[in-house]
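Q: What would the 3D arrangement of this be:
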Amino acid sequence: MDASNPIIFYDIASGPPVTSFTPNPSKTRYALNFKGVHYRTEWVELPDITSVRKKLGAEAVHKHWDGSPAYTLPVIKDPSTGAVVGDSFDIAVYLDKTYPNGPSLFPPSTIGLLAAFNAQANAIFARFVRLFVHGLPFNPKNEEQSKAYIVWKLQGETWDDLDLRGEERAKALEAFEAALGDLAKFYKLEDGPFLAGETVTYADFIVGGWLIQMKTSLKEWDLLQTWHDGLWGKLHQALEKYRKMP
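A: Numbering: from 1, shown residues only. Purely as a prediction, here's the structure:
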């Protein structure tokens, strides 16, 4: 790939200072850095995601609760091939197939298995969104608009409705720890910080993307890092070298 013609990576902007914080774009950033391909980041404000995605011609790959299209990020646009890819898992598959030189995100014959793992991991973390939604790092310039969208998306009545407090929060944290135990079982099959032991694969970026969201938004992040013999803190730290933001 020509360094002067990099992949354009569309990521969701946090409030200033701008950083990457949501799980699916974080998975893609990990993958891009791991592959060593040249790219640049195009930051997109949360209220602008739909218009940006439509402008790129990237069809929605998910639906909202009411059946309407859910326009999300990440999206990549590859000037070298003309491809526009708008799903984090599809982006990883595209990168491995289009740029086979260097490290591989998917061990041989594992794409189907990791697609299932991706769905499982997403479902576990998304089930506990109310634990971290109030920690989202909004841009003050569009905070109220962003909050209103999330209230609608999660079918709440008000922003405060989405928060968990007191005993309700304690019970949710206990359930969250138990649910993450299902993922921890896979990691304990090998001796190392990654699912495959000492070898990082896209499976680790799937979980790592969610851990970035937890670090950014969950006030009990320090506690979560200690769960399951400190597995999640060790994994997050081991993935840090793949998180650079050019």
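Q: tell me the domain ranges of the chain?
A: 7-98, 111-242 (automatic domain parsing).
Q: and the ones you listed as JSON lines, adding mean pLDDT?
A: Output for these, formatted as JSON lines (pLDDT from 0 to 100):
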{"stretch": "domain 7-98", "mean pLDDT": "96"}
{"stretch": "domain 111-242", "mean pLDDT": "95"}
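Q: Highest mean neighbour count out of the ones you listed?
A: Neighbour counts (mean count of other Cβ atoms under 10 Å) averaged over each of the domains of the chain peak at domain 7-98, with a mean of 18. For the C-beta atoms, the positions are set from N, CA and C on the backbone; glycine is no exception.
Q: so how far is that one off the chain centroid?
A: Distance of domain 7-98 from the chain centroid (Cα atoms, centre = their mean, to the nearest Å) equals 10 Å.
Q: Ok, stretch 226-238 next?
A: The answer for stretch 226-238 is 17 Å, by Cα atoms, centre = their mean.
Q: quick revisit: how about the domains of the chain in JSON lines, adding distance to residue 105?
A: Formatted as JSON lines, these follow (distance: least, Cβ to Cβ, whole Å):
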{"stretch": "domain 7-98", "distance to residue 105": "5"}
{"stretch": "domain 111-242", "distance to residue 105": "4"}
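Q: So which of those is nearest residue 104?
A: domain 7-98 (5.8 Å; Cβ to Cβ).
Q: Quick one: end-to-end distance for that closest one.
A: 12 Å (Cα to Cα, to the nearest Å).
Q: Contacts for the longest helix that the chain contains, please.
A: Using DSSP state H, we find that the single longest helix of the chain is helix 166-187. For helix 166-187, contacts defined as Cβ atoms under 8 Å, 6 or more residues apart in numbering pick out 117, 120-121, 124, 127-128, 130-131, 164, 194-195, 207, 220, 223-224, 227-228, 231-232, 235.
Q: Return it as PDB; C-alpha atoms alone will do.
A: Extracted in PDB, the C-alpha atoms of helix 166-187 (Å, rounded to 0.1, in the frame of the first residue of the first chain):
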ATOM      1  CA  GLY A 166     -27.400   1.200  44.700                       C
ATOM      2  CA  GLU A 167     -28.500  -2.400  45.100                       C
ATOM      3  CA  GLU A 168     -29.700  -2.600  41.500                       C
ATOM      4  CA  ARG A 169     -26.200  -1.600  40.300                       C
ATOM      5  CA  ALA A 170     -24.500  -4.100  42.700                       C
ATOM      6  CA  LYS A 171     -26.600  -6.900  41.400                       C
ATOM      7  CA  ALA A 172     -25.900  -5.900  37.800                       C
ATOM      8  CA  LEU A 173     -22.200  -5.900  38.500                       C
ATOM      9  CA  GLU A 174     -22.400  -9.300  40.000                       C
ATOM     10  CA  ALA A 175     -24.300 -10.600  37.000                       C
ATOM     11  CA  PHE A 176     -21.800  -8.900  34.700                       C
ATOM     12  CA  GLU A 177     -18.900 -10.700  36.400                       C
ATOM     13  CA  ALA A 178     -20.600 -14.000  36.000                       C
ATOM     14  CA  ALA A 179     -21.400 -13.400  32.400                       C
ATOM     15  CA  LEU A 180     -17.700 -12.500  31.600                       C
ATOM     16  CA  GLY A 181     -16.800 -15.800  33.300                       C
ATOM     17  CA  ASP A 182     -18.200 -17.500  30.100                       C
ATOM     18  CA  LEU A 183     -15.500 -15.700  28.100                       C
ATOM     19  CA  ALA A 184     -12.800 -16.200  30.700                       C
ATOM     20  CA  LYS A 185     -13.200 -20.000  30.300                       C
ATOM     21  CA  PHE A 186     -12.000 -19.700  26.700                       C
ATOM     22  CA  TYR A 187      -8.900 -17.800  27.800                       C
END
